[in-house]
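S.K.: what would the 3D arrangement of this be:
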Amino acid sequence: MKENTLGVPAYKALIIYLSNTITVHAASKLLEHAESGLPIIVLGSIPNNTFPATQATRNSLQRIVSRLAAHRNVHHSPKGTDADLPGILSSLGITPRTALDCKRPGSGAVSELNARRYDSATQRTYIYFYHNSAARDDCIVKIPISSPVIPFVYNAWTGVQSPLLNFTISNNTLSFKLNLEYDETMILALNPATNVTPPVPQLCSSPNRTSTNLPPTILTNWDLVVSDWHSAPDLLAIKTEVTNHTYKNITLRAWTDIDPSLSTVSGIGTYTTRFTVPKSNASAPFRASLSLPFPTTTLPQHNPRVKIDGVRVPPIDPVNPVVEISEYVKGKEGEEVGVEIEIATTLWNRVKSEVQKGRVRVAGFRADELAKGYASGKVEKYGLVGDVKVEWKFGC
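M.R.: Predicted structure coming up:
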């Protein structure tokens, strides 16, 4: 206990929900925490059964429970449910360290989750955000702060640490907007202002500080090489072989829509095409980003790897597949630039095909005899499906 909070995470309250059995030792700890200043909220009946259940342990528990029920830091709601918790916590003046004010177009429960950790060595606070719904929420995050901090966003895919520039601080509360895609995450680091040099945003040198957004370049025609990973004809060789299937000047659609024979194929798809970097009269900074198709409920989340003119760009978040490519096309205005996108599939389609041919056995039995899903399971749709585009911005 420290400053009326519990443990390293500094929990502000302890909640007991619909629990009727507790050991004498645990009950003693609850009383100890209550006497040290920790609020304890009991929803439902206060635990009155113990284990091992002897006369002595029951008597001991009854004495402790009586003291707990009468303690000023124990708040009992006999008919309370988890839906009552926000009101109970608010009435006790207990506020979240990370508050989210979220709105969702239409209806449905908001699905923003977060976890918080503190590093005492660096005096740095980390907050992990996760959005676990297909519907998008528009959120305002509010974080109370007791001393000056500089917020940074940590990209878990690339390791890049970037300053959070769009935020406000008012009444000792840091606020910013949060809009995450389905399954997308974000790591926010609050650095003590004394340990970090404040970031200086790069401003435009042009007097009017305007920007020009050119129409995006939609990349429609591609060459595709499907590297089909499969076993050797002789299964006893225990050897992997790769057969390439090449397709020219195709549009982006599922592999089985390009060639039905690819329904039995799993492996790696390599897409290549070229685009022209537009010219602009703007003298201000030049920005370009490559946007890949977003995953859907019917298409798997491929983990793409991208090269621009043969140079690999940093890793891409598969649930929000947009990557900055400005530095890879800088100085190439009016020139053609090559792009390569590599995706990897699951092994399901190949394994399903091999099982149905009787080439996969488990303990002497055909795999489809032991697991009927190999026969009933659907062929997965692999491949980039949708628009791949380059978005351009000249200016501020």
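
S.K.: the stretch 251-396 of the chain: helices as residue ranges?
M.R.: Along the stretch 251-396 of the chain, counting by DSSP state H, counting those that start in this stretch, helices occupy 255-258, 326-329, 348-356, 367-370, 373-376.

S.K.: and the fourth one, how far from the chain's centre?
M.R.: Between the mean C-alpha point of helix 367-370 and the mean C-alpha point of its chain there is a distance of 36 Å (CA atoms, centre = their mean, to the nearest Å).

S.K.: could I get the buried residue list for that helix?
M.R.: Neighbour-count burial for helix 367-370, counted by 16 or more other CB atoms under 10 Å, picks out 367-368. (Each C-beta comes from the backbone N, C-alpha and C, glycine too.)

S.K.: again, but for the third one
M.R.: Within helix 348-356, the residues that qualify as buried by neighbour count (16+ other CB under 10 Å) are 348-355.

S.K.: by contact count, what packs against that helix?
M.R.: For helix 348-356, the elements it packs on are strand 222-231, helix 367-370, helix 373-376, judged by 3 or more CB pairs under 8 Å, 6 or more residues apart in numbering; DSSP states H and E.

S.K.: of all the helices of the stretch 251-396 of the chain, which lies closest to Val277?
M.R.: Minimum separation from Val277 across the helices of the stretch 251-396 of the chain (CB to CB) falls at helix 326-329, 5.0 Å.

S.K.: near Glu241, how many other residues are there?
M.R.: 11 (other CB atoms under 10 Å).

S.K.: can you give me the neighbour number for the closest residue to it other than its chain neighbours?
M.R.: Spatially, and ignoring its direct neighbours in sequence, Glu241 is nearest to Ala232 (5.2 Å; CB to CB, 6 or more residues apart in numbering). Residues lying near Ala232 (other CB under 10 Å) number 11.

S.K.: how about the contacts made by Ala232?
M.R.: 239-241 (CB atoms under 8 Å, 6 or more residues apart in numbering).

S.K.: from those, which land in strands?
M.R.: Those of these mapping onto strands are 240-241, per DSSP state E.

S.K.: just the closest of the contacts of Ala232 to Thr122, please.
M.R.: Nearest to Thr122 among the contacts of Ala232, counting by CB to CB, is Thr240 at 45.4 Å.

S.K.: what bridges to the nearest residue to the closest one once chain neighbours are set aside?
M.R.: Closest residue in space to Thr240, ignoring its immediate chain neighbours: Trp229 at 6.2 Å, by CB to CB, 6+ apart. Beta-bridge pairing for Trp229 (DSSP bridges): Val242.

S.K.: what pLDDT is listed against Trp229?
M.R.: For Trp229, the pLDDT comes out at 95.

S.K.: elements contacting the host helix or strand of Ala27?
M.R.: Using DSSP states H and E, Ala27 sits in helix 24-35. Applying 3+ CB pairs under 8 Å, 6+ apart, we find helix 24-35 packed against strand 14-17, strand 40-43, helix 55-70.

S.K.: kindly recompute the last result at 6 Å.
M.R.: Counting contacts by 3 or more CB pairs under 6 Å, 6 or more residues apart in numbering; DSSP states H and E, helix 24-35 is packed against helix 55-70.

S.K.: show me what contacts the residue positioned nearest the centre of the chain?
M.R.: The residue lying closest to the centre of the chain (CA atoms, centre = their mean) is Thr185, at 2.7 Å. For Thr185, the contact set (CB atoms under 6 Å, 6 or more residues apart in numbering) comprises Tyr130.

S.K.: what bridges to it?
M.R.: Counting by DSSP bridges, Thr185 is bridged to Tyr130.

S.K.: how far away is it from His131?
M.R.: 8 Å (CB to CB, to the nearest Å).

S.K.: just Ala375 next, same as before
M.R.: 36 Å.

S.K.: same question for Asp309.
M.R.: Using CB to CB, one gets 34 Å for the distance from Asp309 to His131.

S.K.: which one of the two has more residues nearby?
M.R.: Applying other CB under 10 Å to Asp309 and His131 shows that His131 carries more neighbours, namely 24 against 14.

S.K.: reformat the helices and strands packed on helix 348-356 as JSON lines; add distance to Tyr11.
M.R.: Output for the helices and strands packed on helix 348-356, formatted as JSON lines (distance: least, CB to CB, whole Å):
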{"stretch": "strand 222-231", "distance to Tyr11": "49"}
{"stretch": "helix 367-370", "distance to Tyr11": "47"}
{"stretch": "helix 373-376", "distance to Tyr11": "43"}
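
S.K.: for these, which one ends up most surrounded?
M.R.: Counting by mean count of other CB atoms under 10 Å, strand 222-231 has the highest mean neighbour count of these, with a mean of 18.

S.K.: who does the helix or strand encompassing Ile150 pair up with?
M.R.: Assessed by DSSP H and E, Ile150 sits inside strand 149-154. Strand 149-154 has its sheet partners listed here by DSSP bridges as strand 161-163 (antiparallel), strand 185-192 (antiparallel).

S.K.: mind checking how far the next helix or strand after the first one is from the chain centre?
M.R.: If you walk from strand 161-163 toward the C-terminus, the next helix or strand you reach (DSSP H and E) is strand 168-170. For strand 168-170, the separation from the chain centroid amounts to 26 Å (computed by CA atoms, centre = their mean).

S.K.: how much space separates the nearest residue to Ala189 once chain neighbours are set aside from Pro163?
M.R.: Counting by CB to CB, 6+ apart, Phe152 is the residue found nearest to Ala189 once chain neighbours are left out, at 4.6 Å. For Phe152, the distance to Pro163 equals 6 Å [CB to CB].

S.K.: more neighbours, the two?
M.R.: More neighbours surround Phe152 than the other of Phe152 and Pro163, with 19 against 15 (other CB under 10 Å).

S.K.: the more buried one and Leu188 touch, don't they?
M.R.: No. Assessed by CB atoms under 6 Å, Phe152 is found out of contact with Leu188, at 7.4 Å.

S.K.: what does the model give Asn191 for pLDDT?
M.R.: Asn191 is assigned a predicted lDDT (pLDDT) of 94.

S.K.: now Leu165
M.R.: On the pLDDT scale, Leu165 is placed at 86.
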